[in-house]
Structures are given as C-alpha cells and as structure tokens.
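J.: Have a look at this fold, sequence not included:
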C-alpha cells in the first residue's frame, strides 16, 4: 500500500514538469491590430513567439509565425506575409514563396508570402520561419494578413522589434524578446585589457621618450661617446667622471711602493740598533 501511494505521488509531481517541457514558447499578438478595411465576419490575427534566440557566431535564428481565425465561420484564400526589416532578414518560410525584391514593402529587406487555403473557425495554422539577426543593429518583423487579392488588409502585426538590452552576456546564444528594441552589441564597448582607460590607446610602445635602464642617466650609457681629453685649463673644482675613474686607478697603483717603505724603515732600525751597541761597548771599556 505504501509503495502504491509513493508511486502515485511521484507521478503527480512529474506530470506538470513533463507537460511544461513540451510546451512551445507562448505566442503573442503584441504590436498587432485589425485593419479598418477588413470586411464584416473576418476576425483573423497573428502571433509571434515572445522570445527567440540568436547564435552569436552565425546570426541564425528561427521562430514560428501563426495565423488564427477568431471568427465563427471558415475563411479561405487568405495570404500571410512574413517580412523582415533592418537587422532581421527572413531567409525561408516553410511552404511559402519569396517575395521579389521589387515587390517588397518599403524599407524592408526580405519577405515571403504564404497562401492559407482554408482555416476553420477557432483554428490556427503555423509556419516555421528561418532568419538571421545582426546583433549590431536593431531588427523588426511584420506579419500582414490580406484577402486573396493581396490588397485588402485584414490584420497586421508590426513591424515589431525583437531585441535585448543586455549585451554583456558571454553565452553562445543571445535571447531576444518580442517588443524590445535591440541595443546593438558593441555600442557601449569599453577598452579591453587590465588598466585600460576610456579614450586612451591600449597598444603600442610609448614614443614620447625612450626607456632608460635602471641606474643610468638619460644621457645614455658610459662609453657611448669618446672620453674628453684632459687639458690644462680644465677647472679642478668640478672633475668629470673620467677624472674620478683615473684618480681611482692612480690610487690603486700607488700601493705597490709599500714594500720599499717597509724595507727602508727596517734598515733605519738596524742602523739605530748598531749605533746603540757601539755606544754601550765604549761605555763599559772606560769604566774598567
């Protein structure tokens, strides 16, 4: 009995999650409205997904365009157009025909036309749309629905924006929301790299002054120019580095006379000792 209750609880807990996973992105008629020229009895509308994703590397995206009959009678011979503007370009619509360039709506860059043969009351028909979206621009899409003559407008959704205001994400796919004007990627770019300062260059060596190695003056290393020759009129009060270097050399070579000085001092001591010995000998002889 306990096992049966546990299994029942588990099934109830899992069913809602499974149902959510299979549900498509909810559609929206945002940006759409019926046309004043629509004949009585026609209550058609369209829907676009509330969210799409764009691959950052390729710019590819896909979505579903849906036409819905909200009236009480079946309608037939309708035409649905899927048109792209600015950074959004429609590349294909399943089961539909590309609109020739000369027949595209003003300011649009691409479009397809779909023939809706029959649509029962309360029913919908969806079309799979492939497109590209330039994240460096804003992008819009438009879904007009007309009668079979292509002139009598029944409904139009858009042009409506898809976009994002968050350009800082590093994810491979960028989510775009319906009704949100896109903030072009890179429009708020800042210098990259540690310590970068806005408005400053980040690369290349500094050219205002050559780098100076530690311990050397900016005049360059010693020995790069010929040493000045000594002259009789050189001021003695401010010797140059070369003079100091020569004095050091002279002081070191003077130490070689030390042994001669020691020998002379020893000789003097020996002579003094000999003189003292002679004096003592004479003194003793006189006392005898």
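T.: Done, it's in. On a predicted model such as this, the values are computed, not experimentally measured, just so you know.
J.: For the residue nearest to residue 58 when sequence neighbours are not counted, give me its contacts.
T.: Of all residues not flanking residue 58 in the chain, residue 132 sits nearest, at 7.6 Å (C-beta to C-beta, 6 or more residues apart in numbering). Placement of C-beta: from N, CA and C, glycine included. Going by C-beta atoms under 8 Å, 6 or more residues apart in numbering, residue 132 touches 58-61, 88-89, 91.
J.: Leaving out sequence neighbours, find the closest residue to residue 115.
T.: residue 79 (5.9 Å).
J.: I figured that neighbour hits residue 145, correct?
T.: Yes - with contacts counted by C-beta atoms under 8 Å, residue 79 reaches residue 145, the gap being 7.1 Å.
J.: more crowded one of the two?
T.: Comparing residue 79 with residue 145 by other C-beta atoms under 10 Å, the one with more neighbours is residue 145, at 27 against 19.
J.: And the helices in the stretch 51-200 of the chain, which stretches?
T.: Using DSSP state H, counting those that start in this stretch, the stretch 51-200 of the chain contains no helices.
J.: if I pick residue 35, what's in contact with it?
T.: Residue 35 touches 153-156, counting by C-beta under 8 Å, 6+ apart.
J.: Top of those by number of neighbours, please.
T.: Highest neighbour count within the contacts of residue 35: residue 155, with 24 neighbours (other C-beta under 10 Å).
J.: For it, name its beta-bridge partners.
T.: residue 34, residue 145 (DSSP bridges).
J.: what does residue 68 give?
T.: Beta-bridge partners of residue 68, as defined by DSSP bridges: residue 45, residue 124.
J.: does it really touch residue 42, like I thought?
T.: No - Residue 68 lies out of contact with residue 42 (C-beta under 8 Å); the separation is 11.9 Å.
J.: Give me the below-cutoff pLDDT ranges for the protein.
T.: Along the chain, the parts satisfying pLDDT under 70 run over 1-26, 186-288.
J.: so how far is residue 73 from residue 143?
T.: From residue 143 across to residue 73, the span is 22 Å (C-beta to C-beta, to the nearest Å).
J.: actually residue 42, not the one I wrote
T.: Counting by C-beta to C-beta, the gap from residue 42 to residue 73 is 9 Å.
J.: Many thanks, have a good one.
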